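Asker: how would this look folded up:
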Amino acid sequence: MTEAPSRAGYDVVVVGAGLIGLASAWRASLRGLSVIVVDRERAGAGASRVAAGMLAPVTEANFGEEELLRLNLAANRRWRSFADELGADEILYRRQGALVVAVDRDDAEELRRLHDFQRSLGLDAEWLVPSECRRLEPSLSPRCAGGIFAPQDHQVDPVSVVRALAARVEVLAGDGVAAIRGDGVELESGRRIGAEQVVLAAGSWSGSGVQGVPRLPVRPVKGQLLGLRRPAGRPLAGHVLRTLRCYLVDRGDGRVVLGGTMEEKGFDTTPTVDALYRLMEAAYEVLPDVSELEFEEARVGLRPATPDGMPLIGRAPESDSLVIATGHFRNGVLLTPVTADAVAAILCGEEPPLDVAPFSPQRFEVAVR
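Answerer: A predicted model of the protein is given here:
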């Protein structure tokens, strides 16, 4: 990271040093563009720091989101080569699959309905009876009433990915963008950085606070997470584990992530006892050994959500110089590679390698401040 830009002007300024912004900057730089990433916080200080890192298009597939599912599946396939480029071991990229577990008969009925939907879409998802679930994960509670196994769902450590990406691009941290102009950006410090094009990848903050940016329909959705630690050499779970009330990810290096809350609380980032208690309660239902883990921290992040739950990827309305890459909601980590590839192509005046037209910001009526 730098304390001052290395040059007076760039081909591209990226606003936002989360995974989407950093990856977009990296892919653009690989195409020969000069790029700087600007953020008022350090790289990865926002939602990227709190994300669990589940690459789970199958187990996160929802009714009515078939268009988004197409993009998510393509992103999951793209992650394999993307991880190899960054160093799969370095970013803790693991391809062990995901198991969604029912803890009672009601859960089992709901998961059966979800499994039928997954199979109707041709997704690789297998229904397992309780004994088969416990064969995959011996520590599961005897209450387990069945589950869905998705072998193609993976995981990665977002913090490690941020670190790897930030080492590959120029990042100016500690000075936010106050305004976006036709010839670059003006920072909160009053400094100006010239640029032919600007990429807005500021997550939940993309919808407010920056002059010259359309009033994007992006809102924050609060998510709380527990950082836990298990003893070395004693894995808690070999797969990403989920229930209808929580998810649990064993990083493989002793760290365990427990999360799953979604709250409409604006920009509030205060951890609450109620939410954290409910997460622990939900985890204990499916995996009693979680009660023996060491507590490390509680973290809160803000997912950037749009009215239809789909990201904004493409040129801003009535602009030849502003590209939008935000609103990824629950899928920010998963969609990082395909979003970055699309943004880099758009910056170079090319068609993205994957059709992102359904995610154009122009599907919403927006007005420039």
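
Asker: The chain - how does it break down into domains?
Answerer: 9-49+159-217+308-363, 97-154+219-305 (automatic domain parsing).

Asker: Highest mean neighbour count out of those domains?
Answerer: Each of these was assessed for mean neighbour count using mean count of other CB atoms under 10 Å. The highest is domain 9-49+159-217+308-363, with a mean of 21. Glycine gets a C-beta too; all of them are placed from N, C-alpha and C.

Asker: wouldn't Glu65 be in contact with Gly309 here?
Answerer: Yes - counting by CB atoms under 8 Å, Glu65 sits close enough to Gly309 to count as a contact (6.6 Å).

Asker: residue boundaries of the helices in this structure?
Answerer: With helices called from DSSP state H, the chain shows them at 19-30, 47-50, 66-86, 105-120, 130-136, 158-166, 273-286, 336-347.

Asker: so what does the longest one touch, helix or strand wise?
Answerer: Under the contact criterion of 3 or more CB pairs under 8 Å, 6 or more residues apart in numbering; DSSP states H and E, helix 66-86 touches strand 54-55, helix 158-166, helix 336-347.

Asker: Let me have these in JSON lines, adding distance to Leu200 as columns.
Answerer: Supplementary listing: the helices and strands packed on helix 66-86 in JSON lines, determined by distance: least, CB to CB, whole Å:
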{"stretch": "strand 54-55", "distance to Leu200": "24"}
{"stretch": "helix 158-166", "distance to Leu200": "18"}
{"stretch": "helix 336-347", "distance to Leu200": "10"}
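
Asker: residues contacting Thr243?
Answerer: Thr243 makes contact with Val100, Val101, Ala102, Val103, Asp107, Ala282, Glu285, Val286 under the criterion CB atoms under 8 Å, 6 or more residues apart in numbering.

Asker: Let's see that with 10 Å instead.
Answerer: The neighbourhood of Thr243, defined by CB atoms under 10 Å, 6 or more residues apart in numbering, consists of 99-103, 107, 111, 144, 147, 260, 282-283, 285-287.

Asker: ok, now how distant is the spatially most central residue of the chain from Gly227?
Answerer: The chain has Gly332 as the residue nearest its centroid, 2.4 Å off, counting by CA atoms, centre = their mean. Here the distance between Gly332 and Gly227 works out to 18 Å (CB to CB, to the nearest Å).
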